[in-house]
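In: predicted structure and sequence below. I'll ask about it afterward.
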Amino acid sequence: MAESFDIIVVGAGLGGLVAATEATALGKRVLVLDQEPEQSLGGQAHWSFGGLFFVDSPEQRRMGVRDSHALALADWMGTAAFDRPEDHWPRRWAEAYVDFAASEKRRWLYDMGMRWFPVVGWAERGGHGSVGHGNSVPRFHVTWGTGPGVLEPFLQRAREAQASGRLQFGFRHRVDALIVEAGTVIGVSGTVLAADTTERGKPSSRDVVGDFEWRAQAVVLASGGIGANHDLVRKYWPERLGTAPAHMLSGVPAHVDGRMLDIAETAGAQLINRDRMWHYVEGIENWNPIWPRHAIRILPGPSSLWFDATGKRLPGPFWPGFDTLGTLEYLRGTGYDYSWFILDQQIIRKEFALSGSEQNPDLTGKSWRQVAKRAVGKHAPAPVEAFKRHGRDFIVRDTLDELVAAMNRLSGDALLDAAALRREIEARDLQLDNPYAKDGQIMAIHNARRYRGDKLVRVAKPHRILDPANGPLIAVRLNILTRKTLGGLHTDLQARVLASSSAPLPGLYAAGEAAGFGGGGVHGYRALEGSFLGGCLFSGRIAGRAAAAAIV
């Protein structure tokens with residue numbers, strides 16, 4: 001390796017790559033360290049759906065969506081529900097991020113070659129009133145190329161900086177400590193792990209072959225969250241969400257272990273909002289797993305009927321796609337770690353998408369021809385149909401009695417009564433005899449189809465689920481899937497990590513999930529979706545520029 005560096009970045013995910021390339025663009029020499037092999041460069045972002053949060057974008061306007069900075073900020077603040085003294089900087093980060101998303105964010109990325117699918121998605125629709133949680137309008141912009149498409153320009157910038165000698169990677173370098181002298185962070189030390197050729201996402205060895213110590217004028221922590229460390233998830237699980245689940249699946253690879261957070265705290269950094277976290281309730285066990293307990297999240301449209309483990313239909317607004325953490329809190333109160341969707345072929349064909357770059361080969365591969373197939377025929381996208389055939393959480397039957405019997409066999413609990421479920425579904429189906437309805441979910445479906453994008457490609461025409469013409473019937477067992485850390489290292493608006501005194505800890509910066517995507521919790525209690533990758537982009541940009549500016 002080179003003799004000296006201006007900045008050390010810990011973590012080669014999206015936030016770390018953005019920080020590193022922003023600093024090298026300002027002429028600084030940067031070392032990026034990561035415990036994983038080179039083939040995992042890009043981290044979790046590689047596996048993502050590539051959703052980005054923009055405000056009043058050309059894509060929104062072309063779809064007839066009227067958005068504004070004021071509306072987006074109101075949605076963000078109503079969703080975040082900041083209420084703690086330590087939320088000062090998270091609130092400032094939230095205001096700054098919405099400003100960014102409504103102004104230069106899209107142009108910055110567009111100029112680097114990034115493009116987006118023309119139909120804007122509507123995630124986290126809320127339903128708790130105009131001042132509560134949720135997106136008032138569609139804001140989920142899927143990047144053309146999904147997660148790899150988000151990474152592509154920054155990987156290119158990194159390789160160019162590497163070729164010029166301004167950037168160097170140290171893969172298989174696990175940071176075990178921050179070096180602090182006279183109250184200033186001046187470097188890192190750790191262990192060198194054995195070379196490993198395992199494919200991206202699979203667990204790599206932890207065999208130690210050496211050690212290292214590197215010093216620099218600034219250290220940027222972009223080491224991610226705790227999603228794969230279920231012990232830490234349970235340790236910080238908030239009481240407001242009920243008891244921590246005994247059974248959880250993982251939406252992130254095993255190396256997302258959260259170890260750098262405690263290492264930073266030992267060095268004097270302040271951690272806040274560790275009880276704020278983001279986990280999904282629509283997780284399905286991957287029939288072709290890459291990492292341990294690998295789960296995929298269903299990105300559902302609003303039409304599937306949602307039942308808890310005992311067969312009780314979930315109340316509004318806990319419908320598919322409306323309130324992730326509200327639904328999680330409700331389901332934790334049932335005493336069971338799973339729930340059920342009941343739907344039919346018409347719904348799965350149009351409304352089921354799977355999160356992840358590998359589950360969307362058409363968008364990831366930038367193939368318009370394959371994308372067009374989503375809108376025609378009787379089948380769902382090929383990855384969804386593969387789960388329907390092979391996934392252990394999927395059940396397909398022609399009649400409701402057969403479906404419920406198979407559901408009871410799969411769960412092993414025998415909690416479901418076919419007659420009770422039939423009464424619930426038939427009552428729902430009766431609401432479709434006229435264009436009006438008292439059923440809140442059906443009203444929500446009608447409202448969704450007023451949006452052009454949902455009507456075209458996302459929300460099935462309302463129909464009777466028990467009509468055999470719409471079959472077969474499908475049940476999906478849904479598991480809790482761990483994903484994002486919403487709290488983390490407390491940072492000011494220059495991404496400087498704050499010490500316990502709330503003054504900056506000199507020499508230390510943080511970006512991405514390690515910083516709660518900015519400030520130690522830019523999302524507050526809940527997120528609007530499309531804002532996690534964007535948080536890595538925004539906080540990484542600020543951290544890289546601020547660290548470079550501080551170097552003499």
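Out: Thanks, I have the structure now.

In: and for the one helix or strand R107 maps to, what's in contact with it?
Out: Per DSSP states H and E: R107 is located in helix 104-110. With C-beta atoms under 8 Å, 6 or more residues apart in numbering as the test, helix 104-110 has contacts from 52, 54, 57-58, 153, 534, 537-538. C-betas here are computed from N, CA, C, even on glycine.

In: and the helix or strand bottoming out on mean pLDDT in the chain, what does it pack onto?
Out: Least confident helix or strand, the chain: helix 368-372 with a mean of 88, by mean pLDDT, DSSP states H and E. Applying 3 or more C-beta pairs under 8 Å, 6 or more residues apart in numbering; DSSP states H and E, one finds that helix 368-372 contacts helix 361-364.

In: what helices or strands is the helix it packs on leaning on?
Out: Packing partners of helix 361-364 (3+ C-beta pairs under 8 Å, 6+ apart): helix 146-163, helix 368-372.

In: so how far is the shortest one from its chain's centroid?
Out: Pointing back at helix 368-372 there. Relative to its parent chain, helix 368-372 has a centroid offset of 25 Å by C-alpha atoms, centre = their mean, to the nearest Å.

In: export that helix to PDB, keeping only CA atoms.
Out: Only the C-alpha atoms of helix 368-372 are listed here, as PDB (Å, rounded to 0.1, in the frame of the first residue of the first chain):
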ATOM      1  CA  TRP A 368     -37.200  -2.800 -22.200                       C
ATOM      2  CA  ARG A 369     -38.300  -5.900 -24.000                       C
ATOM      3  CA  GLN A 370     -38.300  -8.000 -20.800                       C
ATOM      4  CA  VAL A 371     -40.000  -5.100 -18.900                       C
ATOM      5  CA  ALA A 372     -42.800  -5.100 -21.500                       C
END
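
In: please flag which of the contacts of helix 104-110 sit within strands.
Out: In this view, those that belong to strands under DSSP state E are L52.

In: thinking again about what came up before, most tightly surrounded among the helices and strands packed on helix 361-364?
Out: helix 146-163 (a mean of 20; mean count of other C-beta atoms under 10 Å).

In: tell me the first helix or strand C-terminal of it.
Out: Immediately after helix 146-163, counting by DSSP H and E, sits strand 167-171.

In: what strands flank whichever helix or strand comes after that next one, and is each parallel or antiparallel?
Out: Downstream of strand 167-171, the next assigned helix or strand under DSSP H and E is strand 173-181. Using DSSP bridges, the strands paired with strand 173-181 are strand 184-193 (antiparallel).

In: following the chain past the partner strand, name the next helix or strand.
Out: Assigned by DSSP H and E, the successor of strand 184-193 is strand 208-215.

In: about what we covered before: I'd like the helices and strands packed on helix 361-364 laid out as JSON lines, including distance to Y97.
Out: Output for those, formatted as JSON lines (distance: least, C-beta to C-beta, whole Å):
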{"stretch": "helix 146-163", "distance to Y97": "16"}
{"stretch": "helix 368-372", "distance to Y97": "30"}
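
In: closest one to A427 among those?
Out: Nearest to A427, of all the helices and strands packed on helix 361-364, is helix 368-372, at 37.2 Å by C-beta to C-beta.

In: now the element after that closest one, going C-ward?
Out: Counting by DSSP H and E, what follows helix 368-372 is helix 382-390.

In: given the next helix or strand after that following helix, what are its sheet partners and their directions?
Out: Proceeding N to C from helix 382-390, the next assigned helix or strand is strand 394-397, under DSSP H and E. Paired with strand 394-397 in the same sheet, following DSSP bridges, are strand 473-485 (antiparallel).

In: any idea of the mean pLDDT in the partner strand?
Out: Confidence for strand 473-485, expressed as mean pLDDT, is 97.

In: and the helix or strand following it, what's its mean pLDDT?
Out: For strand 473-485, the following helix or strand on the C-terminal side (DSSP H and E) is strand 488-489. Average pLDDT, strand 488-489: 98.

In: contacting residues around strand 488-489?
Out: 221, 225, 261, 264, 269-274, 497, 510, 513-517, 520-521.

In: now pLDDT and distance to D467 too, for the contacts of helix 104-110, in TSV please.
Out: Below are the contacts of helix 104-110 laid out as TSV (pLDDT from 0 to 100; distance: C-beta to C-beta, whole Å):
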residue	pLDDT	distance to D467
L52	98	38
F54	98	39
S57	98	39
P58	98	40
P153	98	48
G534	97	42
L537	98	46
F538	98	47
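
In: just give the nearest non-adjacent residue to T21, would you?
Out: The shortest distance from T21 to any non-neighbouring residue, by C-beta to C-beta, 6 or more residues apart in numbering, is to R157 (4.1 Å).

In: same question, A96
Out: Closest to A96 by C-beta to C-beta, 6+ apart is L493, at 6.3 Å.

In: list the contacts of L299.
Out: L299 makes contact with 49, 121, 123, 282, 321, 352-355 under the criterion C-beta under 8 Å, 6+ apart.

In: for it, name its beta-bridge partners.
Out: Listed by DSSP bridges, the beta-bridge partners for L299 are A353.

In: check A269 too.
Out: A499.

In: hang on, it packs against P506?
Out: No: the pair A269 and P506 does not pass the contact test of C-beta atoms under 8 Å, sitting 11.5 Å apart.

In: settle it for me: which of the two has more neighbours?
Out: Between A269 and P506, A269 has the larger neighbour count (other C-beta atoms under 10 Å), namely 26 against 17.
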